[in-house]
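Engineer: can't give you the sequence, but here's the structure:
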Ligand SMILES: O=P(O)(O)OC[C@@H](O)[C@@H](O)c1c[nH]c2ccccc12
């Protein structure tokens, strides 16, 4: 049985093949790259930085936000103190879009991450021309050679790749391939099972101070965030909890510990 990650990756390959027919790589590369702040610096600047995600739906949760105005949500995150914003662009399983990413990049001053299932360098060039400051690279989808090339290309285009891992072996591969922004996903993208102990556990394996360590997925409460602070995590990526909150500022403030959690 094919796991969900591979199913999404295959659908992404087909989508990108269609997009390449519309806009060939050479044409895409000729487009200007908008200026943007550094994602790495933004996530390093605070003891625990919040990377807030714009996500309409997911394969595990279905539609999370039936009323969905991506720019409004991104601006609310920014005003509430997000260090950076993550925007899903995968259309079939997450109901994301390139248009939402591009509009958000134009509307906010904080750096924006393109969240997709990168299986082709074309997607990295797209992220840059849309104005993204960073691009997610899921280690499970790439060979070491592909990962090394993807990191180099993102850097060349002025972006910081967020390299996402789930296991110790993947973490070592990410570091060997030159990752500086390292994400640990508590959610197993093969079956969507969440294990919140994964990020703090893998955090202990990273000794290099230059690495910015991002804990991803499944966070809901201030107590869970406090555990990340104690574990020495640099940033946390939060999607669903914020997407479901009618008052984004109140929820983010509560998660940051600036007010009591409701
Ligand atoms: O909504 P959550 O549980 O707060 O998770 C956000 C983010 O970590 C999750 O959306 C995510 C992490 N890595 C991904 C890769 C692809 C798609 C989605 C993701």
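Structural biologist: That came in fine, so what should we check first? This structure is a prediction, so every number in the text was calculated from the model and none was measured.

Engineer: all contacts plus neighbour counts: C-alpha atoms, from now on.
Structural biologist: Fine.

Engineer: assess the claim that residue 96 and residue 102 are in contact.
Structural biologist: No: when contacts are counted by CA atoms under 8 Å, residue 96 is not listed as touching residue 102 (11.6 Å).

Engineer: can you give me the strands for the stretch 1-150 of the chain?
Structural biologist: 49-54, 57-58, 62-63, 84-88, 112-115, 134-138 (DSSP state E, counting those that start in this stretch).

Engineer: so what secondary structure elements neighbour the fifth one?
Structural biologist: Helices and strands touching strand 112-115, as assessed by 3 or more CA pairs under 8 Å, 6 or more residues apart in numbering; DSSP states H and E, comprise strand 84-88, helix 98-107, strand 134-138.

Engineer: same question for the longest one.
Structural biologist: Contacting strand 49-54 under the criterion 3+ CA pairs under 8 Å, 6+ apart are the following elements: helix 39-44, helix 70-79, strand 84-88, strand 235-238, helix 240-244.

Engineer: mind redoing it with 7 Å?
Structural biologist: helix 70-79, strand 84-88, strand 235-238 (3 or more CA pairs under 7 Å, 6 or more residues apart in numbering; DSSP states H and E).

Engineer: what comes up buried for it?
Structural biologist: Using 16 or more other CA atoms under 10 Å as the test for burial, strand 49-54 gives 49-54.

Engineer: got any ranges where this structure has weak pLDDT?
Structural biologist: For the chain, residues meeting the criterion pLDDT under 70 lie at 1-2, 260-262.

Engineer: which residues of it lie near the ligand?
Structural biologist: 116, 185, 216-219, 237-241 (CA under 6 Å from any ligand atom).

Engineer: in the stretch 1-150 of the chain, which residue sits nearest the ligand?
Structural biologist: Nearest residue of the stretch 1-150 of the chain to the ligand, counting by CA to the nearest ligand atom: residue 116, 5.8 Å away.

Engineer: which residues does that residue contact?
Structural biologist: If you count contacts by CA atoms under 7 Å, 6 or more residues apart in numbering, residue 116 has them with 88-90, 136.

Engineer: check contacts around residue 208.
Structural biologist: Residue 208 touches nothing, counting by CA under 7 Å, 6+ apart.

Engineer: show me what stretch 210-218 is in contact with.
Structural biologist: Contacts of stretch 210-218 (CA under 7 Å, 6+ apart): 44, 180-187, 194, 196, 199, 233-238.

Engineer: related to what we said a few turns ago, present the helices and strands packed on strand 112-115 as TSV; the columns should include distance to residue 212 and mean neighbour count.
Structural biologist: TSV is the format used below for these (distance: least, CA to CA, whole Å; neighbours: other CA atoms under 10 Å):
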stretch	distance to residue 212	mean neighbour count
strand 84-88	14	28
helix 98-107	22	19
strand 134-138	13	28
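
Engineer: redo those as TSV? Include distance to residue 120.
Structural biologist: Below are those laid out as TSV (distance: least, CA to CA, whole Å):
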stretch	distance to residue 120
strand 84-88	17
helix 98-107	16
strand 134-138	10
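
Engineer: please name whichever of the ones you listed is nearest to residue 257.
Structural biologist: Closest to residue 257 of the helices and strands packed on strand 112-115 is strand 84-88 (CA to CA; 18.2 Å).

Engineer: the residue nearest to residue 33 when sequence neighbours are not counted: neighbour count?
Structural biologist: Among residues not flanking residue 33 along the chain, residue 129 sits closest, at 4.6 Å (CA to CA, 6 or more residues apart in numbering). Neighbour count for residue 129, taken as other CA atoms under 10 Å: 18.

Engineer: okay, residue 129 and residue 255: tell me how far apart.
Structural biologist: 33 Å (CA to CA, to the nearest Å).

Engineer: what of residue 24?
Structural biologist: 43 Å.

Engineer: the two: which is more packed in?
Structural biologist: Per other CA under 10 Å, whichever of residue 24 and residue 255 has more neighbours is residue 255, with 24 against 13.

Engineer: residues near the residue nearest to that one when sequence neighbours are not counted, how many?
Structural biologist: With sequence-adjacent residues excluded and distances taken as CA to CA, 6+ apart, residue 255 is closest to residue 222, at 4.6 Å. Residue 222 has 21 neighbouring residues, counting by other CA under 10 Å.
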